[in-house]
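Chemist: the sequence isn't on hand, but the structure is:
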């Protein structure tokens, strides 16, 4: 697909594989054993901040381009319509099947889950096979908030150096996450961790990267330092995979552990994505590895893979009669990967791609008049 960045699709593929491996490890108990391998597996939840960062980067970039270069801004209604068609049809398919098979919910429970409201009712049980879905209400909340955030940033950026002012405004968003983490820990409100403000720092990192990608086009410094940045990301992941960032279990971390973990996750996500987003050189080794057709295709179907993998693991464990945290890791990994991959290919082409085609058939709005204010010229890449 010509408008996609193959390397960023590859990054998304790696994140999806990380979530899958995390859940295979947790369901088979491997993640809770002793040793470095178990700790490294336990921190594969870093995939979620990477997904959030990519959303901030890719979805805010058209607004950043409009603010910096004076191009037409996305229309909020069209943008939201496309987001709904991108996310909801295949989500409804997978969620409805899991609720039918294992949910045991009344009609109000179905409504909450089908409308992505489950995070706002923390006392409700999570049906089997849907434990990974907690991230989607956060994503949807960001989708809804983004037009308002973009409008506020655009207003703030007028009358000065627009890229710098945009970055300054975005720099305030992580403070929302810090404040939410502090309140959540001091008031013992773990449900705050299921809401957008807690995770806004990751989206903000992506939004800042969007501004830089439009402003700089391509950073030679990031390109030259790409190997070192990727190595540093893995080293920080090693620090993240220790008790300094909190326990491996569902036990709540302390305030200090929460702040350190969020900081490390944000740093690792930025260091992993920046060499691909800010130095998109297709002939580099990193782009050839993650941007090759096989990995890039997996990145395109990664949303379906993310949705299907937990129900598939759940069904496999139920059919084999495995006790909690007692499954056989190799067999669960191999079989769940194959089945999830086949389901993902099918749902991507039959549901996701069809919905995307429908979104593009929506009549285009009349063109807006050109902006009267001159935008500063972006430096050559």
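Modeler: Arrived safely, thanks for sending. As the structure is a computational prediction, the values presented were derived from the model and not from experiment.
Chemist: give the rounded mean pLDDT of stretch 213-220.
Modeler: Mean pLDDT, stretch 213-220: 91.
Chemist: quick one: end-to-end length of that stretch, please.
Modeler: Length of stretch 213-220, first residue to last, C-alpha to C-alpha, to the nearest Å: 12 Å.
Chemist: go on, stretch 124-133?
Modeler: Note: stretch 124-133 ends 14 Å apart using C-alpha to C-alpha.
Chemist: list the buried residues in the worst-scoring helix or strand of the chain on mean pLDDT.
Modeler: None of the helices or strands of the chain scores lower by mean pLDDT, DSSP states H and E than helix 353-360, at a mean of 85. For helix 353-360, a neighbour-count test (16 or more other C-beta atoms under 10 Å) marks residue 355 as buried. To be clear about C-beta, it is placed using only N, CA and C from the backbone, and glycine gets the same treatment.
Chemist: try stretch 94-114
Modeler: 94-95, 98-99, 102-103, 105, 109, 112-113.
Chemist: pLDDT weak spots in this structure?
Modeler: Along the chain, segments meeting pLDDT under 70 span 1-3, 361-381.
Chemist: for the most centrally placed residue in the chain, which non-adjacent residue is closest in space?
Modeler: In the chain, the residue lying closest to the centroid (C-alpha atoms, centre = their mean) is residue 51, at 1.7 Å. Nearest residue to residue 51, sequence neighbours excluded (C-beta to C-beta, 6 or more residues apart in numbering): residue 15, at 5.6 Å.
Chemist: correct me, but that neighbour touches residue 302?
Modeler: Yes - using C-beta atoms under 8 Å, residue 15 is in contact with residue 302, at 7.3 Å.
Chemist: need the helices for the stretch 1-150 of the chain, in chain order.
Modeler: Counting by DSSP state H, counting those that start in this stretch, the stretch 1-150 of the chain has helices at residues 6-28, 36-42, 47-69, 76-98, 107-114, 135-157.
Chemist: now do the third one and helix 76-98, the angle between them.
Modeler: I take that to be helix 47-69. 170 degrees (axes from the mean of the first three to the mean of the last three C-alpha atoms, to 10 degrees).
Chemist: against which helices or strands is helix 47-69 packed?
Modeler: helix 6-28, helix 135-157, helix 162-170, helix 196-216, helix 255-277 (3 or more C-beta pairs under 8 Å, 6 or more residues apart in numbering; DSSP states H and E).
Chemist: before we move on, what about the last one?
Modeler: The helices and strands touching helix 135-157, judged by 3+ C-beta pairs under 8 Å, 6+ apart, are helix 47-69, helix 76-98, helix 162-170, helix 196-216.
Chemist: got JSON lines for the ones you listed, with distance to residue 238 too?
Modeler: Compiled in JSON lines, the helices and strands packed on helix 135-157 are given as follows (distance: least, C-beta to C-beta, whole Å):
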{"stretch": "helix 47-69", "distance to residue 238": "16"}
{"stretch": "helix 76-98", "distance to residue 238": "33"}
{"stretch": "helix 162-170", "distance to residue 238": "29"}
{"stretch": "helix 196-216", "distance to residue 238": "20"}
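Chemist: brilliant, that's me finished.
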